[in-house]
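Peer 1: Kindly generate the corresponding structure for this input.
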Amino acid sequence: MDIDLAPIIDNWRFLAAGAMLTIVLSGAAMAGSLTLGGLTGLARAYGPRWLTVPLTFYVDSMRAVPVLVVLVWTFFAFPILTGLTLPSFWAALVALTVHLAAYVSEIVRAGIGSIRPGQMRAALALGMSGPQAVRKIILPQALVRMLPAFGSVLSITIKDTAIASVIAVPELMRQSETIAGQSFRPFEVFTTTMIVFFLILFPVTRGVDAVYRRIAHLGRS
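Peer 2: Residues are numbered from 1 along each chain as shown. Prediction:
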(Lines give C-alpha, C1' and ligand atoms only; values in the text may rest on other atoms or scores of the structure.)
Protein backbone atom coordinates (compact mmCIF):
# COMPACT_ATOMS: atom_id res chain seq x y z
CA MET A 1 0.00 0.00 0.00
CA ASP A 2 1.38 3.38 -1.02
CA ILE A 3 1.15 6.11 1.58
CA ASP A 4 0.62 9.63 0.28
CA LEU A 5 0.81 12.43 2.84
CA ALA A 6 0.31 15.17 0.29
CA PRO A 7 -3.38 15.73 1.24
CA ILE A 8 -2.32 16.24 4.87
CA ILE A 9 0.54 18.58 4.02
CA ASP A 10 -1.47 20.61 1.52
CA ASN A 11 -4.43 21.00 3.87
CA TRP A 12 -2.75 21.25 7.26
CA ARG A 13 -4.24 24.68 7.94
CA PHE A 14 -7.70 23.30 7.21
CA LEU A 15 -7.12 20.46 9.69
CA ALA A 16 -5.54 22.82 12.24
CA ALA A 17 -8.65 25.01 12.13
CA GLY A 18 -10.76 21.93 12.82
CA ALA A 19 -8.51 20.88 15.69
CA MET A 20 -8.75 24.36 17.20
CA LEU A 21 -12.53 24.30 16.97
CA THR A 22 -12.51 20.86 18.64
CA ILE A 23 -10.54 22.32 21.55
CA VAL A 24 -12.82 25.36 21.81
CA LEU A 25 -16.00 23.27 21.64
CA SER A 26 -14.77 20.74 24.19
CA GLY A 27 -13.55 23.46 26.55
CA ALA A 28 -16.85 25.35 26.37
CA ALA A 29 -18.87 22.15 26.79
CA MET A 30 -16.79 21.12 29.79
CA ALA A 31 -17.18 24.52 31.44
CA GLY A 32 -20.92 24.47 30.83
CA SER A 33 -21.38 20.90 32.03
CA LEU A 34 -19.33 21.54 35.18
CA THR A 35 -21.50 24.55 35.99
CA LEU A 36 -24.86 22.93 35.22
CA GLY A 37 -23.87 19.54 36.62
CA GLY A 38 -22.37 21.07 39.75
CA LEU A 39 -25.52 23.04 40.49
CA THR A 40 -27.67 19.98 39.79
CA GLY A 41 -25.56 17.78 42.05
CA LEU A 42 -25.66 20.32 44.88
CA ALA A 43 -29.41 20.73 44.47
CA ARG A 44 -29.93 16.97 44.64
CA ALA A 45 -27.72 16.72 47.73
CA TYR A 46 -28.93 19.76 49.66
CA GLY A 47 -31.91 21.19 47.78
CA PRO A 48 -35.60 21.07 48.71
CA ARG A 49 -37.50 17.83 48.31
CA TRP A 50 -39.70 19.15 45.49
CA LEU A 51 -36.61 19.43 43.26
CA THR A 52 -35.71 15.78 43.66
CA VAL A 53 -38.20 14.35 41.16
CA PRO A 54 -37.52 16.72 38.20
CA LEU A 55 -33.75 16.64 38.70
CA THR A 56 -33.69 12.86 39.01
CA PHE A 57 -35.78 12.60 35.83
CA TYR A 58 -33.36 14.92 34.00
CA VAL A 59 -30.28 12.98 35.09
CA ASP A 60 -31.75 9.55 34.39
CA SER A 61 -33.15 10.57 31.00
CA MET A 62 -29.85 12.06 29.82
CA ARG A 63 -27.97 8.97 30.95
CA ALA A 64 -30.46 6.76 29.11
CA VAL A 65 -30.32 8.59 25.76
CA PRO A 66 -27.22 8.45 23.48
CA VAL A 67 -25.44 11.76 23.04
CA LEU A 68 -25.87 11.46 19.26
CA VAL A 69 -29.65 11.41 19.67
CA VAL A 70 -29.52 14.48 21.93
CA LEU A 71 -27.31 16.27 19.39
CA VAL A 72 -29.57 15.51 16.43
CA TRP A 73 -32.71 16.39 18.41
CA THR A 74 -31.23 19.74 19.45
CA PHE A 75 -30.31 20.64 15.88
CA PHE A 76 -33.34 19.35 13.99
CA ALA A 77 -36.26 18.98 16.45
CA PHE A 78 -35.66 21.85 18.87
CA PRO A 79 -36.32 24.50 16.17
CA ILE A 80 -39.65 22.84 15.32
CA LEU A 81 -40.67 22.86 18.97
CA THR A 82 -39.59 26.41 19.80
CA GLY A 83 -39.20 28.21 16.48
CA LEU A 84 -35.60 29.01 17.46
CA THR A 85 -32.93 27.70 15.10
CA LEU A 86 -29.49 27.22 16.60
CA PRO A 87 -26.32 27.38 14.47
CA SER A 88 -24.61 24.02 14.31
CA PHE A 89 -21.83 25.01 16.74
CA TRP A 90 -24.26 26.25 19.37
CA ALA A 91 -26.54 23.25 18.91
CA ALA A 92 -23.55 20.96 19.51
CA LEU A 93 -22.49 23.00 22.55
CA VAL A 94 -25.97 22.89 24.10
CA ALA A 95 -26.40 19.17 23.43
CA LEU A 96 -22.99 18.21 24.82
CA THR A 97 -23.42 20.45 27.85
CA VAL A 98 -26.88 19.18 28.76
CA HIS A 99 -25.89 15.55 28.22
CA LEU A 100 -22.58 15.61 30.09
CA ALA A 101 -23.96 17.70 32.96
CA ALA A 102 -26.05 14.71 34.00
CA TYR A 103 -22.88 12.67 34.55
CA VAL A 104 -21.15 15.57 36.29
CA SER A 105 -24.08 15.92 38.69
CA GLU A 106 -23.73 12.29 39.74
CA ILE A 107 -19.99 12.75 40.27
CA VAL A 108 -20.70 15.78 42.46
CA ARG A 109 -23.42 13.98 44.42
CA ALA A 110 -21.18 10.95 44.96
CA GLY A 111 -18.24 13.14 45.98
CA ILE A 112 -20.33 14.98 48.54
CA GLY A 113 -21.78 11.72 49.79
CA SER A 114 -18.27 10.30 50.33
CA ILE A 115 -17.54 12.87 53.07
CA ARG A 116 -18.37 11.53 56.51
CA PRO A 117 -21.58 13.05 57.97
CA GLY A 118 -19.74 13.77 61.18
CA GLN A 119 -17.84 16.58 59.49
CA MET A 120 -21.06 18.45 58.72
CA ARG A 121 -22.30 17.92 62.27
CA ALA A 122 -18.99 19.17 63.68
CA ALA A 123 -19.11 22.27 61.48
CA LEU A 124 -22.64 23.06 62.58
CA ALA A 125 -21.64 22.52 66.21
CA LEU A 126 -18.88 25.10 65.77
CA GLY A 127 -21.47 27.67 64.73
CA MET A 128 -21.18 27.50 60.94
CA SER A 129 -24.29 27.76 58.82
CA GLY A 130 -25.16 24.94 56.42
CA PRO A 131 -23.91 26.80 53.31
CA GLN A 132 -20.70 27.79 55.11
CA ALA A 133 -20.05 24.18 56.12
CA VAL A 134 -20.60 22.98 52.56
CA ARG A 135 -18.37 25.69 51.09
CA LYS A 136 -15.51 25.52 53.59
CA ILE A 137 -15.54 21.93 54.84
CA ILE A 138 -17.37 19.56 52.50
CA LEU A 139 -16.63 20.85 48.99
CA PRO A 140 -12.83 21.35 49.35
CA GLN A 141 -12.42 17.67 50.26
CA ALA A 142 -15.07 16.41 47.84
CA LEU A 143 -13.61 18.30 44.87
CA VAL A 144 -10.26 16.57 45.33
CA ARG A 145 -12.00 13.19 45.35
CA MET A 146 -13.97 14.14 42.23
CA LEU A 147 -10.88 15.15 40.22
CA PRO A 148 -10.13 11.77 38.57
CA ALA A 149 -13.76 11.43 37.51
CA PHE A 150 -13.75 14.99 36.15
CA GLY A 151 -10.65 14.06 34.14
CA SER A 152 -12.56 11.17 32.59
CA VAL A 153 -15.48 13.46 31.74
CA LEU A 154 -13.07 15.91 30.09
CA SER A 155 -11.63 13.11 27.95
CA ILE A 156 -15.12 11.98 26.97
CA THR A 157 -16.06 15.57 26.13
CA ILE A 158 -13.12 15.98 23.75
CA LYS A 159 -13.91 12.67 22.04
CA ASP A 160 -17.63 13.41 21.82
CA THR A 161 -16.95 16.57 19.81
CA ALA A 162 -16.29 14.26 16.84
CA ILE A 163 -20.01 13.42 16.85
CA ALA A 164 -20.75 17.06 16.03
CA SER A 165 -19.60 16.32 12.49
CA VAL A 166 -23.07 14.86 11.77
CA ILE A 167 -24.57 18.37 11.97
CA ALA A 168 -21.75 19.94 9.94
CA VAL A 169 -19.80 21.53 12.78
CA PRO A 170 -16.39 22.13 11.14
CA GLU A 171 -14.38 20.45 13.89
CA LEU A 172 -11.49 18.06 13.31
CA MET A 173 -13.53 15.04 12.26
CA ARG A 174 -15.68 17.03 9.83
CA GLN A 175 -12.62 18.62 8.24
CA SER A 176 -11.01 15.21 7.94
CA GLU A 177 -14.08 13.77 6.22
CA THR A 178 -13.97 16.62 3.71
CA ILE A 179 -10.30 16.09 2.88
CA ALA A 180 -10.70 12.31 2.70
CA GLY A 181 -13.63 12.70 0.30
CA GLN A 182 -11.71 15.07 -1.96
CA SER A 183 -8.37 13.25 -1.95
CA PHE A 184 -9.59 9.61 -1.83
CA ARG A 185 -6.90 8.97 0.81
CA PRO A 186 -8.96 7.94 3.87
CA PHE A 187 -6.17 5.91 5.46
CA GLU A 188 -3.72 8.78 5.64
CA VAL A 189 -6.33 11.38 6.62
CA PHE A 190 -8.12 9.44 9.33
CA THR A 191 -4.88 8.04 10.74
CA THR A 192 -3.68 11.62 11.09
CA THR A 193 -6.97 12.52 12.75
CA MET A 194 -6.57 9.69 15.23
CA ILE A 195 -3.02 10.83 16.05
CA VAL A 196 -4.16 14.44 16.56
CA PHE A 197 -6.90 13.35 18.95
CA PHE A 198 -4.32 11.30 20.86
CA LEU A 199 -1.95 14.28 21.05
CA ILE A 200 -4.78 16.42 22.45
CA LEU A 201 -6.08 13.86 24.91
CA PHE A 202 -2.91 12.24 26.27
CA PRO A 203 -1.48 15.38 27.91
CA VAL A 204 -4.91 16.16 29.38
CA THR A 205 -5.31 12.77 31.04
CA ARG A 206 -1.71 12.66 32.25
CA GLY A 207 -1.98 16.23 33.52
CA VAL A 208 -5.11 15.49 35.54
CA ASP A 209 -3.46 12.40 37.03
CA ALA A 210 -0.35 14.40 37.94
CA VAL A 211 -2.40 17.11 39.64
CA TYR A 212 -4.42 14.54 41.56
CA ARG A 213 -1.30 12.78 42.83
CA ARG A 214 -0.03 16.08 44.23
CA ILE A 215 -3.25 17.04 46.02
CA ALA A 216 -4.80 13.66 46.81
CA HIS A 217 -3.90 14.01 50.49
CA LEU A 218 -6.19 17.02 50.76
CA GLY A 219 -9.20 14.82 50.12
CA ARG A 220 -8.46 12.33 52.89
CA SER A 221 -10.45 12.61 56.09
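Peer 1: in the longest helix seen in the chain, what's buried?
Peer 2: Determined from DSSP state H, the single longest helix within the chain is helix 12-46. The neighbour-count criterion (16 or more other Cβ atoms under 10 Å) identifies 14-15, 18-19, 21-22, 25-26, 28-30, 32-34, 36-45 as the buried residues of helix 12-46. Placement of C-beta: from N, CA and C, glycine included.
Peer 1: Kindly report the same for stretch 176-188.
Peer 2: Judged by neighbour count using 16+ other Cβ under 10 Å, the buried positions of stretch 176-188 are Ser176, Glu177, Thr178, Ile179, Ala180, Ser183, Arg185, Glu188.
Peer 1: which outside residues touch it?
Peer 2: Residues outside stretch 176-188 that contact it (Cβ atoms under 8 Å, 6 or more residues apart in numbering): 1, 3-8, 11, 14-15, 18, 165, 189-190, 192-193.
Peer 1: before we move on, back to that, list the helices and strands the longest helix of the chain packs on?
Peer 2: Counting contacts by 3 or more Cβ pairs under 8 Å, 6 or more residues apart in numbering; DSSP states H and E, helix 12-46 packs against helix 52-64, helix 88-113, helix 139-160, helix 172-183, helix 186-215.
Peer 1: what residue ranges in the protein score low on pLDDT?
Peer 2: For the chain, the stretches with pLDDT under 70 are 1, 221.
Peer 1: which residues touch Tyr209?
Peer 2: Not quite, residue 209 is Asp, not Tyr. The neighbourhood of Asp209, defined by Cβ under 8 Å, 6+ apart, consists of Pro148, Gly151.
Peer 1: ok, 10 Å please
Peer 2: By Cβ atoms under 10 Å, 6 or more residues apart in numbering, the contact list for Asp209 reads Leu147, Pro148, Gly151.
Peer 1: now Ile8
Peer 2: Counted by Cβ under 10 Å, 6+ apart, Ile8 has contacts Phe14, Leu15, Ser176, Ile179, Ser183, Arg185, Glu188, Val189, Thr191, Thr192, Thr193.
Peer 1: farthest pair in the residues you listed?
Peer 2: Phe14 and Thr191 (16.5 Å; Cβ to Cβ).
Peer 1: Return the set of buried residues in stretch 76-83.
Peer 2: For stretch 76-83, burial by neighbour count (16+ other Cβ under 10 Å) applies to Phe78.
Peer 1: For that stretch, give me every contacting residue.
Peer 2: With Cβ under 10 Å, 6+ apart as the contact definition, stretch 76-83 has outside contacts at Val72, Trp73, Leu84, Thr85, Leu86, Ala91, Val94, Ala95, Ile167.
Peer 1: Any of those residues buried? List them.
Peer 2: If you count burial by 16+ other Cβ under 10 Å, the buried members of the contacts of stretch 76-83 come out as Val72, Leu86, Ala91, Val94, Ala95, Ile167.
Peer 1: does the second one count as helix, strand or coil?
Peer 2: Using DSSP: H, G, I helix; E, B strand; the rest coil, the structure places Leu86 in coil.
Peer 1: ok, now which ones touch it?
Peer 2: Counting by Cβ under 10 Å, 6+ apart, Leu86 touches Thr74, Phe75, Phe78, Pro79, Ala92, Leu93, Val94, Ala95, Ile167.
Peer 1: which of those sit farthest apart?
Peer 2: Farthest-apart pair in the contacts of Leu86 is Pro79 and Leu93; separation 15.5 Å (Cβ to Cβ).
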